[in-house]
Structure formats: C-alpha cells, structure tokens
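the following comprises the amino acid sequence and a computationally predicted model.
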Amino acid sequence: MGTMNRVVFSARGVGKSYPGVQALSGVDLDGRAGEVLAICGANGAGKSTFARLLAGQEPPSAGEIRVAGHPEPVADPAEADRAGILLMHQEPLVVDDFTVAENVWLYRLRSGRDIRPWSLARRGDDDATRQALRDVGLGDVAPTRLAGSLAPGQRQMLALARARVTPHQVLILDETTASTTEEHFADVQEMVAAEKAAGTAVVFVSHRMPEVFALSDRIAVLRGGRLVDVLRTAGTDAAEVTALMIGEGVRALERPPAHRAEGRAPALAVRGLHAGSATDVSFDVRGGEVVGIYGLVGSGRSSVARSVSGQQQPRAGTVEVGGRAVTMRSPGAALRHGVVHLTEDRRREGFVGEFTNAENLSLVTLPRLATAGVVRRRDERSRVTELIERFQVKGGPETPTRALSGGNQQKVCLAKWLAADPDVIVLDEPTKGIDVGARLNIYEIIHGLSQQDRAVLVVTSEAEEALLLCHRVLVLRDGRLVAEFDAAEASTEDLMRAALGGAAALGSDAAQGGDAA
Amino acid sequence: MTVTEKTVSAAPSEPAAWAGRGLGWLRTQYPLLILLVLVVLAAVLSDAFLSTRNLENLVLQMSVIGIVALAQFIVVVSGGIDISVGSVLGLACVLSAGLFGGASTGLAVLVALGTGALLGAVNGFLVAFRGLEPFIVTLGMLALARGLVYAYTEGVPVRPADPAFTLVGTATVLGVPVLGVIWVAVALGMAFLLRRTVFGRRVYAVGSTPEAAHASGVPVRGTLLAVYVIAGLLVGLGGFLLASRVGAGTPTAGTLFELDAIAAVVIGGARLSGGQGRVFGAVVGTAIFGVITNLLVLLNVSTFLQDAFRGALILLAVALATIGRSPARRGR
Amino acid sequence: MTVTEKTVSAAPSEPAAWAGRGLGWLRTQYPLLILLVLVVLAAVLSDAFLSTRNLENLVLQMSVIGIVALAQFIVVVSGGIDISVGSVLGLACVLSAGLFGGASTGLAVLVALGTGALLGAVNGFLVAFRGLEPFIVTLGMLALARGLVYAYTEGVPVRPADPAFTLVGTATVLGVPVLGVIWVAVALGMAFLLRRTVFGRRVYAVGSTPEAAHASGVPVRGTLLAVYVIAGLLVGLGGFLLASRVGAGTPTAGTLFELDAIAAVVIGGARLSGGQGRVFGAVVGTAIFGVITNLLVLLNVSTFLQDAFRGALILLAVALATIGRSPARRGR
Amino acid sequence: TVGSSSEPTRKQEAKPVTEVTIGFAQRQMDAPYYAAMEAMAQQRAKDEGFHLLFQNAGGDPVTQLNQVQAMLAQGVDALVVNAISPETQRTQLEQAAGEVPVLFVDTSIPDIGLTAVQSDNHEIGRLSGQITAKRIGSGKTIQVAILNGGPNDEIVGPARQEGFLAGLTEGGVTPEVVASATATYTQEEAIPATESMLAAHPETDLVLGLNDSMALGALSVLRNQGNGTVLVAAAADGQKEALAEIANGGCTGQYVSTGLNSPSLAAEQVFDIAVGVATGQTDPASVQKTSLTKAAGIGCENVSEYYDPTSVF
Ligand SMILES: Nc1ncnc2c1ncn2[C@@H]1O[C@H](COP(=O)(O)OP(=O)(O)OP(=O)(O)O)[C@@H](O)[C@H]1O
Ligand SMILES: Nc1ncnc2c1ncn2[C@@H]1O[C@H](COP(=O)(O)OP(=O)(O)OP(=O)(O)O)[C@@H](O)[C@H]1O
Ligand SMILES: [Mg+2]
Ligand SMILES: [Mg+2]
C-alpha cells in the first residue's frame, strides 16, 4: 500500500543540547502517512524535546528535520504550522483570556501567506466548534466559556480539539492522555483512527503501555536522549519495550499489604461535601489506608480533593481531621492540620517557576528547616539531596525545576509534599506523566506511607492504578459518590461500569458504603 | 489569590460561562457607573458644569489625553506598558511646530506622525526583539525624548509660521470640537482593529498567554513591534493636536501624561498583565479623569489640596472599578 | 534500578547546576562591569571625579536614592512595583521635619518611619487583600501622598527646630559620610533578609509564581503586605535622611525618585515580572546612575542634552545588563 | 562638606579673567525667561574668556545642591545661583558661601551670600497693575481670575500677585479675585485652566497671568472662544511674544500690560560683580547686599521702548 509507506517527516541525526544537558543526540526517525508512531522512554529520555523540535518550537542543535512537500527544514512554529505539523504539548497551551471557541480556532491567527493581519478574524461556525468539542468529550462545555476557567484535564482536551479543525499532516500527542480516563481514551482512539484514515502521520507519546499497544503501529524507544530501537508493535510486548526504556526488566507491581486499619478512628472524615462539581460526597479514610477516587474527567474528583485540603472552599459539608472538625481556609491552614495536596495542575500550581529544585523541594518545609526564621542551609541542603535520591529526580539541587522533563517535575512536586511528613495525604493524579520504573518507585513510597499509618487519598484516572495502589476505591459520577469497592475483589471493568453509570445495582451498595463510612 | 479564581471556575460550565460574561460586563460597567455618579455630582456642585461652554472645554481638554490613553491601551493589552508617551508626545509636539518652520500644517502632521512612529518602533524593537522589559525601555525613552525636546527648543516654545496651524485644534463642527470628533474616530478605529481583525486578536493572544500564542504560530515579535508603532503613531497625532490647540510647541508639553493615560486605561478595566480590556473602558476612564480635573477647577479647590483629591479619587475609582474582578493573575 | 538511575542523573545535573549559576553570575556581573567602565571613564574625563571631596559628594548623593532603590527592590522581587516611593518619601520628609516642630531628632525618625510604614501598609492592603494592580494602587498613592505634602506645607519648606537635626545627614566617620554607612547597612540587612530567611524565600516564591506559592501553603497575602510595609519603612527612613541632609523638609523632596529607583533595580538585574534579582545588583544599579549624573555635571554637558544622555545611557545599560538573559517571559 | 559659614570678605588675589571659573546654577530651563539668562551668561563667557560651568536643576532644590557641590569640587572662583527654595537650601548654601563668593540672581536666599541681584517682583507687579488700572478706569470693581505657578511657588508668584492687585487698588480699581488655577508658568497648562475658570465664572473681567507665558495661553483661549471683552494682563516678565501682543493690540488691545523683569539685565548685573570678585578687581566688601534690576510696567504707551523682535526673550 503506497500511502502507508509515504514518508511524511524524516529526522536525520537530530540532536538538542540545553545549557549543561544533552537532551537528544543523533536521532534518525521517519514518520509515515496513515501510521501511528509511538515514542516511549523514561522521564527525561527526550520525548518532548523531540516533539518540540519536530514542531519547530525550538531549532535542533544538530541534524535536521524535513517534512514532505516543504522545501527547507522546519525552523519556527508558524512555519511548522504551515507545513501541517500540529503539536499537542505535554502542558496544554491555551490562551486563558480567550473563549473555548476562540481557542479551538486559534490556528487562524497564525502568520502565513493565507492570513493577512488586517483581514477580519473569522470565528468557526458554532456547529463545527461544538462537533470538535464533542469529538474530544467536551460536549458539555459551552464554547463561550473562558478557557482560563477549565480544569487541567479539560484544557488538555481543548487543545486536542484543535486537531479537528486545523489542517495538518502530522499530529503529535505528547502525553495528551496522561490524566484522562479509559473512557476518554476511547475518544482519542476514535480520533486517531480517523486521522490514520485521513493519511496523517501520528506521533503518540505516553507512559501507559496499554494505550501505546492499543494505538501504535511502530514503537520508537528513546533512552538518555538516544534512539535505542524502533519496533513493530505487532512483534513485541510491554515487557520488551520497558526493558529497552529502563535498561532492565521491571518487576511486576504488587498489591499493597493489607492495611491494619480495621476499626480504627478515621483520620479523614468527609460528610455531605458540596464543592465544585461534587455534590453531597461523604467518606472516611483511616490511618494506614490508601483510598482511591476514580471517575471520569469532570466527575468532581479534583473538586473533592481540592476542598478537603484547603485548596478550594467547599459550598457545604464538614471535614474532620483526626476526629476534629476543621475548616481549612487555605493550603497553609491545611498544612498546619497535617493535610497536604498534590495538585494535578503542574504548570500553574505545581512548582515555583524561577526556583531551583532545592528551593522548590524545601518550600513547604522551610519553617522547620529554620531557626528564628533563618534557614539552616546545611540542613536544607542535606534534606534536599536526600529527597532527590529517594524520588529519583533527574537533575541536581541547582537545576531550575522548569528545565526538568515533565515526569521529573512531577517527582519534585510529590517529593516536596511528602517531605512535610503529613498525616493526611491527598494526591491528585500522582503518577501523571511518570514512567513505568519511577511509577513503581512511587507506589512503593505510598505503600510505605500507609505502613506508617498515614491516611492517603488518591485521585486517579486509571482503573488499573486505582486497584494496584489502593485498599478501597470510591467512584464518582457527575459529582456524586456512586460506588465503593474493595480493591482486592473489584476488577477494572467494575470501576469503569460504575463511572459510566453502567449498572444501577452499584448505586445501592454505594449507599450502604456511604452509611458504613 | 487563586482562591477566588478557583471558586469562580469550579462552577460547572454553563454558570461559569455566564460568570465569565458577567465579569466582562461588570468590568466595563463599573467605570461607567462611576462616571455617571461623577457627572451628577459635578452638575449638582457646580451649575457651570453643564453649560455648553464648559462641556465643550471638557471635550477639548480630554481629547488629546484620550488619544494618548488609546495608545497606552493597545500597549497594555499586548502585555506591555509605555511610560514614554508623554515625552514622545512632547517631542512630536515641538517638532511638528518647529520643523520646516511649521510652514504647512499638512507637513506638520506628517512630522508628528513620523516622530511618534519612529520612537515607537525603537521601543517596539527593544521589547520584541531584544526581549527587554517594556517598562524600563520606555523609561529610557521617556528621558531620551524629553531630553531631545529641550535640546531642540532650548526651553523656548516654538511658534509655527502657518496661521492655519491652530485650525484643527480649535475649530468646531456643529458645536462639537473637531478634536473630540478625532478622538471618537480614533477610538472607533481602535475598537474595530482590536475586536475584529486578525491582528487585534493576535494582540490579545500575545498579551494573555505569550507561550500559547507563540506555540500556535502567532508572530509574537512582529505583533508586538506593530503594537508599539501604532501606539507611537497615535501619540504623535496627539502631539500635533496639542501643538495645534496651544498654537505653539511648548517644551513641557505632555509632561506626566503617561500616568494619567495608564490610570485611565486601568480604571477602564484593562489588566496590566495584558490580554484583557475594552476600548470603551479606556474612553470612559479618560472621561472620569477629565471630569475630576475639570470639577476641581470649577469648585476652585485650593491648589494645595487638588493632588490629594486626585490621588484619593484614583484609589477609590480603582477599588470600585475592580469590584468583582478576580485579582490580577500575574501567574500567567 | 536506582543504580542505573543515578548514573543517568549524575550526567545532566552537574553541568545544569553550573549553567544555573553561570546565568546568575552574568546577571549580577554585567552591571558591575558597566559600573567599572563608567568609573574609569569618569576618572579619565574629569580629574575632579576622584577627588575625595567629589567622592564624598557622590556617596552623599547616592545614599538616599540607594535606600529607596532597596525598598523598590523588595517590592519588585515580590512581583509588584511601587511608583509612590518618591511621594511617600516627600511626605515622610516634611512630616519628620515638621511634626512636633522637629523638636527632637529621635522623634523625627519615628515620625518618618511611621509615615512610611502606614502608607506602605495601605498600598500593601490594597494589593494583597483587594487584589488590585500594584502599579495603579501606588499611582494613586503617588498623587495622594504628594497632595498631602502640599496640604501640610502649603508649598513652604519646613525647618526643624532641633539644631542637631542635620547631624546624621552631614556627619562623617573617618571621612565616610554616615549616610553612606547607613545605606550599606540597610543593603546588607536586606540581602540577609531575602537570601537567608524563610520570609525572603517566600517573597521570591510569591513574586515568581503566586498560585504555586499559595498552593504550597505560603501565606501569599501576609507576605505581600509585609513587603510593602518594609518598603514603606525604608522609604520613610530615606525621607528622614533627606530632611536631615538638607536641613529642611522640602515639598518637592523625592520627586521622580520612583523612576530612578526602578531603573536602578532593573539595571541591577531584577525582573519586573518578579521572583528574580539580587540586592547587590540594586546597589550597583544605584551607583551606575549616581556616577552618570555626577559625571554629566562634572563634564559640564549642556543641560539641554543631559536628559537625552541619561535616557540613552539607560537604554544602553539595560541592553547590556540583560545580555545573556533569556527574554523576559511574562508567561509566568 | 561641613565648613565654617563665615563669608570670605577678604579680597581675592588678582587673576587674569581667562583663568577664572564661574559656576552658574540655574533653577530650571523650561521657560524662555531662564533660557535668556543662560544665553547672556554664555555670551559673557565667550566675550571675556572666563570658564563657565552651567547647570540646570530642573526645579529640584536637592538636585541644585548636588550640582553646587560638584562645582565646588571643581574649584570655581565664584558661584552664581538662581535658588529654588530658600528655606530648603539655606543651610548648605551658607556652607558654600563660606568657601567661595556666592552671588544670587532672580531668586535669592535672604542674608546669605555676597549679593543678590533680583527683580523686585512686588514692584514689577504693582507697576503692571497700575497700567491695567488706568485702562479699566478708576472707581470700577472688576472680577479677576488668576493663573498661578502652582503649590511649590514659594515667593515670586505670591509677591507678583500682591503687587499687581495693589497696583490695581492704587489705580482706584477694586479687584475681586473670583478664581485662581495652577498653570505652573507654562502656556499649554494655562489653556485648560483658563477654559475652566471662564466656564465657572463667565462674568470675569480680567485674566491675570503671573507671567507672560500663562497670560498668552489665556489670550489664545479667549481668541478661540471669540471673546473680545475679557482683558488679559501679566504681572511680569515682558516676554517677546507678550510685548508683540501689546504693541499690535495698541491701547484697545486685549493684552493690557505686563511688567519688565528682564532676565538678561539681571544676568548682566550679576556677572559684572561675579567676574570682578573672581578676578580680584572688586573688593567683596564693597559689594552691596542686594541690587534690584530696573523695574517697569509695560503698556501700550511705552511698549516700543522694550520691544525687540530679535531678542531671545
Ligand atoms: N528548557 C530546557 N532547559 C534545559 N534542559 C531541558 C529543557 N527542556 C528539557 N530539558 C532536559 O532535556 C531532557 C529531556 O527532556 P524531555 O522533556 O524531552 O524528556 P521527556 O522524555 O519528555 O520526559 P517526560 O516523559 O518526563 O516528559 C531532560 O533531561 C530535561 O532536563
Ligand atoms: N484546578 C482547577 N482549576 C480550575 N477549575 C477546576 C480545577 N479543578 C476542578 N475544576 C473545576 O471543577 C470541574 C469538575 O472537574 P473536577 O476537576 O472537579 O473533576 P475531575 O474529574 O478531576 O476533572 P479533571 O480530571 O478535569 O480534573 C471542572 O470542570 C472545573 O471547572
Ligand atoms: Mg515530556
Ligand atoms: Mg482532576
């Protein structure tokens, strides 16, 4: 089949070096029309860097990338746009003061022969906009809404919606599905199928092996910035790929040791919580217990997480920590009550942009590392290096966190909170964008916490993760708590059905669960 | 800081959308309310205020600063700030009156526009292509332009030869000063440019989220350069109009205009971090200041107290004008 | 597994760390280079420059603005800007000289500090708790404070009764003016506060990414309020020192200090978008301006050209001082 | 900078004028009046060959003190100062006077320095006022709107205003000040100020500018409004454009009078003394404390004596 083999882009000896880091070196890679090329690699392997170079966001420091039907190598974003290359950034780039609709049609503002600055700005007709939004599962979001008010998951999908209206021949998805649920992945799958049919060359970056195998035709594996191998998906399996990525086999994830929390007083008790999109949510988390919250994007998981940890003020309901009812006006207050919250919104709330890893890692615990308000430098330094070790952050204490790869940034965010050794730990998408190896490491850390009788609440979009990581899993649908499972017994199908509203029966035993709690 | 935002945004989509529009509404309407209150107040306190003569004066006094405020507005929307407007206006003012002995008014206009555009281009280049801070760049330009004014005039006002020079600045059509007409025209043009054209949308995008704009192929640098040039043109125009109104290019022309212009723009609802604001707001903001100043004179308030009044009123107006507005999010 | 990880991580971290420091180095060193060049230039061009007498004057002339620049610096690091420093200084100046008839110097100091702290608190409250734009808030304060100065002095300078009033401002220890000593002391204190204490770290965090700081439990509002109060205190101190140096509280004291202070801070390597900058840089920035002004006078440059020179030099200095610095990213 | 404040009354040892350095600290340069002073000073320096250090403080007393310090550091033989704020600058200029002869021009600091060459602002205003009174006619009561120099105009403005009003009263006219607004001695600020005052008080008979620039601003407003009845007068300066107006208007013109406050005359006088003292020709002791420049009122009759289209001012 000719089209299958038509090369759309070809990278030759591409390398990229940042001050002090060789992010990418000597990569030769082709993208073919109507084919999905997955790129796998550990955190910091160079996936996003390759994506950015391909999309002309940054010039390569070695080699060149050529695109079919485009004479000279792609240099700047506008040109890449014209060459028909469309990049979905790992951190979704959305114009916050524009409406959802304007963001969908953003490409109409790009520079190019076809677009004159003084020509009238054309907004896409509403049907097309709504259709594009529906395609990415944002059907319920009004096109007139301000993009700045969307949740991270929604922003990610909004960025993706551009692909439905923007003409392109190469589509790059850089961890677009990092925080989306299986159900949302279905949308993505449909989209990609359509793209393939249309003869687009799709580049798919993800740390989720099942997704990689479900979508891709070929898998390129990066390691330490070098291209290790390119495999045909049909002829390989997850084990081989991860082995190539990490450099060694990965032990299978084990279930957490059964917790000894039976009959213990709840460390976190939530009653009749109304917040964001969550309505009347009640549940307990006991010390030594890891409880998961599963649900679709927009189901209210983050709203719950945010409002039990002072990030957002609930409209109604009570939160008890260690048996005492508390109102946490701010994250600071929550911290004083021993409650910490890992945000899902890394770009906005995750870390301080201008800070080095050291400064970010010690930000939360700084008062404890100080006497009379003066920081004890030596303590700070030793503490920081210890955290970097423990969480396998690739980058020294002096590296600006901004310069880290997505996954490594996530590790920094997680580490800074756990350093405060809190009693109640709320984690929103803790393994978002984290590679298989490190993910295992983080699971172990979380299990370690439960061993120390900490109460852990995990918001996750992966049913599998929910079952592997947690003792109990709560399922939210449209902001309501609809089901509760013992992770040992339940299957991913159970969770998904509950989240989608498959079986009414689950609703009832959720009620019981609610009473029991 | 974030709390407000979150609670706003955490609302399910429909209401949030409504809130979004609601906020936009508030942003532009509060200033209007303030203006109305002021006008009523003025009318009550001084019967001279509503006299056609005084209203005419009011328009005359607001027009030039109003045009400068529009220049400031487009810069602010692009996420920058231009504190050199006053000095650049001064330079355009004296040059338009002085070069070629101010023999022909038409030539004077060209000189003024040229001066403004040139200095604007310098600002724009340093901001867009050297990535320097707009504030500090225009601060340098502020001193530079004013210096050139003194170097050129040696402190002596320049009188243009052409007797028709003062025509534009003083004539009226059907009782409305030509200056006012020009101001309104510029405002309408600016509104159209920013709201309807591709360029305008680019300016908002660049001002709101530069990375996103850059990543989606918007020519950020070119847009910024254009913004400062346009601002320069308007300031230059203002310079000519002032010269034409005064009948001479005075070396002190435009002093401290930058502060009034910025204040007007912000009170009009624009956000200094960029990407937000309406032209109409800038116009209303200018009017608020015009009325305040005019009123203080009409009431013959002691010169020693006027500044204090102005300051207090600015604080009050901003506090009111920003009611229900989420705190400026420099975070993005 | 950890083993392999370490080998990988070892590679990037070290050089990256180096690069990090390297940039910081550039940022602080370029201004220093500029200063040295200027000093050499000055020494060559005018033999009066290095005379102890002139150097003494230089220190005297820089100290007050230097302290104001430090106040501006902490505000800028917190992501704000304070254009009211000049007026607030003016008010502190006249009040410290005037209240209680300036009978006791000690009392005068308290009055000055109190005034600064109070007005700073007002700025801080409006910025931190009402979420208003620092620029516009302090713009209002600029007019208000200056207005109060005139209201209080009616334009006539106030002379303090206490003959010892001018002691601090004019005395010297071992040939070094006390003013200079105070300036250095304040600078060192500020450096310690910002670099070594929890509070300082928080100021940087808030200035860089307020949302992240808030989400990490940093009391954003409290920190901001404290920042503006501290700035106010320093400005108040500056007010007293100026009064003490001149021997009277002038209504025009501190006019346009805000511009010099901001320019000094930015040339010193701080970024107006906040979260960046070193105290040492602010000191060097002040010195750069001090030398430029002094030199222009020594060289007897036509006063008509001095402003133009200053402007051009600001632009040049900024362009140089920001070499090797990535374009200001308002994006965060 | 701490020094004895005893004035050097001893005669300086003789020096050829070409080796003399004289500092001139001008208060501001944003008006023709001051520009004319500098022009004169530069002229003198060129003609006689002494070295002139000229600085402009842009109206800020502290800046001026800094500039004076810098001049002393450069070893000037005599210092000519157009002070800004007597009260503010007294202490420091007293010290300066302890080191070199300090001569004031225009704005002086009472009982400091060798001498003060200044125009008697009150007198000038009075003379101008009398001429205006004559034009209006004795026994009338008129409503006056005043354009003043702003809140930090300590001495000159008020003196001129008093003088002018006094002059009116002496001429049998009863002035009734209905409004006064700030225009900081500039023409363009005088325009909105005048407009507003006239709007608030349409029955105004006379707009008084404390200098010619402001009066000219007022005049252009009246012209634009086609108002030929309201009169305009200035308390001082005798600026070229103003004299032109008076000359052209004749004795029925709208611009009635101004007062002679010739910057070049003042500069002329002060530099005579400065050069004398610096070169050691004149004995400081012999210099009288204050010398006033010739004051005169200028109206339609005598304008021709003063009007010179070619002068700077
Ligand atoms: N702007 C930058 N400045 C300096 N170093 C950078 C920058 N961006 C990326 N790097 C470095 O380049 C390397 C590759 O980063 P990249 O983001 O491509 O990794 P990745 O494969 O996308 O990782 P992840 O799966 O965590 O997203 C990392 O070591 C990172 O520290
Ligand atoms: N960090 C946030 N910033 C702004 N709005 C938010 C945020 N988190 C939640 N919301 C609001 O709450 C609504 C419900 O989504 P929520 O985050 O509560 O559930 P979710 O299942 O976690 O969705 P997502 O996976 O997108 O976070 C979102 O549509 C959004 O408007
Ligand atoms: Mg990545
Ligand atoms: Mg979520």
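Everything's here; your move. Ligands and ions are numbered 1, 2, ... in the order given.

need the contact list for residue 189.
Going with chain A. By Cβ atoms under 8 Å, 6 or more residues apart in numbering or on different chains, the contact list for A:Gln189 reads A:214-215. Where you see a C-beta, it was placed from the backbone N, CA and C, and this is true even at glycine.

my question was about chain D, not that one.
Taking Cβ under 8 Å, 6+ apart as the criterion, D:Glu189 is in contact with B:252, D:182-183, D:214, D:217.

6 Å - rerun?
Shown in contact with D:Glu189 (Cβ atoms under 6 Å, 6 or more residues apart in numbering or on different chains): D:Ala183.

next: the one 4 residues further on.
Contacts here follow Cβ under 6 Å, 6+ apart; on that basis D:Ala193 touches D:147, D:181, D:183.

make it 7 Å
Going by Cβ atoms under 7 Å, 6 or more residues apart in numbering or on different chains, D:Ala193 touches B:297, D:147, D:181-183.

which of those residues fall within helices?
B:Val297 (DSSP state H).

most neighbours of all the contacts of D:Ala193, which one?
Greatest neighbour count in the contacts of D:Ala193, by other Cβ atoms under 10 Å in any protein chain shown, goes to D:Leu147: 32 neighbours.

contacting residues for it?
Counting by Cβ under 7 Å, 6+ apart, D:Leu147 makes contact with D:181, D:183, D:190, D:193-194, D:207-210, D:214, D:218.

returning to that earlier point: pick the one among the contacts of D:Ala193 closest to chain A.
Checking the contacts of D:Ala193 against chain A by Cβ to the nearest Cβ gives B:Val297 as the nearest, at 38.7 Å.

does the closest one touch D:Leu198 like I think?
No: contact between B:Val297 and D:Leu198 fails when scored by Cβ atoms under 7 Å: they sit 10.5 Å apart.

neighbours of the closest residue to A:Lys196 other than its chain neighbours, how many?
Nearest non-adjacent residue to A:Lys196, counting by Cβ to Cβ, 6 or more residues apart in numbering or on different chains: A:Gly34, 5.0 Å away. By other Cβ under 10 Å, the residues close to A:Gly34 number 19.

got it, and the one 4 residues further on?
Using other Cβ under 10 Å, A:Ala38 has 27 neighbouring residues.

what about it, distance to A:Asp217?
Distance from A:Ala38 to A:Asp217, counting by Cβ to Cβ, to the nearest Å: 8 Å.

same question, A:Asp237
15 Å.

what of B:Leu36?
The value you get for B:Leu36 to A:Asp217, if Cβ to Cβ is used, is 66 Å.

just flag the most distant two among the contacts of D:Leu147.
D:Thr194 and D:Leu210 (13.1 Å; Cβ to Cβ).

the more surrounded of those two?
More crowded of D:Thr194 and D:Leu210, by other Cβ under 10 Å: D:Thr194, with 31 against 28.

OK, contacts around that one?
Per Cβ under 7 Å, 6+ apart, neighbours of D:Thr194: D:147, D:207, D:217-218, D:221.

go again using 10 Å as the cut-off
Contact partners of D:Thr194, counting by Cβ atoms under 10 Å, 6 or more residues apart in numbering or on different chains, are B:57, B:297, D:145, D:147, D:179, D:181, D:183, D:204, D:207, D:209, D:214-215, D:217-222, D:225, D:230, D:232.

same list (the contacts of D:Leu147) but as JSON lines, adding distance to B:Thr172 and pLDDT.
Listed next are those as JSON lines, based on distance: Cβ to Cβ, whole Å; pLDDT from 0 to 100:
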{"residue": "D:Ala181", "distance to B:Thr172": "23", "pLDDT": "88"}
{"residue": "D:Ala183", "distance to B:Thr172": "23", "pLDDT": "87"}
{"residue": "D:Ala190", "distance to B:Thr172": "21", "pLDDT": "90"}
{"residue": "D:Ala193", "distance to B:Thr172": "20", "pLDDT": "89"}
{"residue": "D:Thr194", "distance to B:Thr172": "17", "pLDDT": "91"}
{"residue": "D:Val207", "distance to B:Thr172": "22", "pLDDT": "96"}
{"residue": "D:Leu208", "distance to B:Thr172": "27", "pLDDT": "96"}
{"residue": "D:Gly209", "distance to B:Thr172": "25", "pLDDT": "96"}
{"residue": "D:Leu210", "distance to B:Thr172": "30", "pLDDT": "95"}
{"residue": "D:Met214", "distance to B:Thr172": "24", "pLDDT": "92"}
{"residue": "D:Ala218", "distance to B:Thr172": "20", "pLDDT": "94"}
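
alright, calling it a day.
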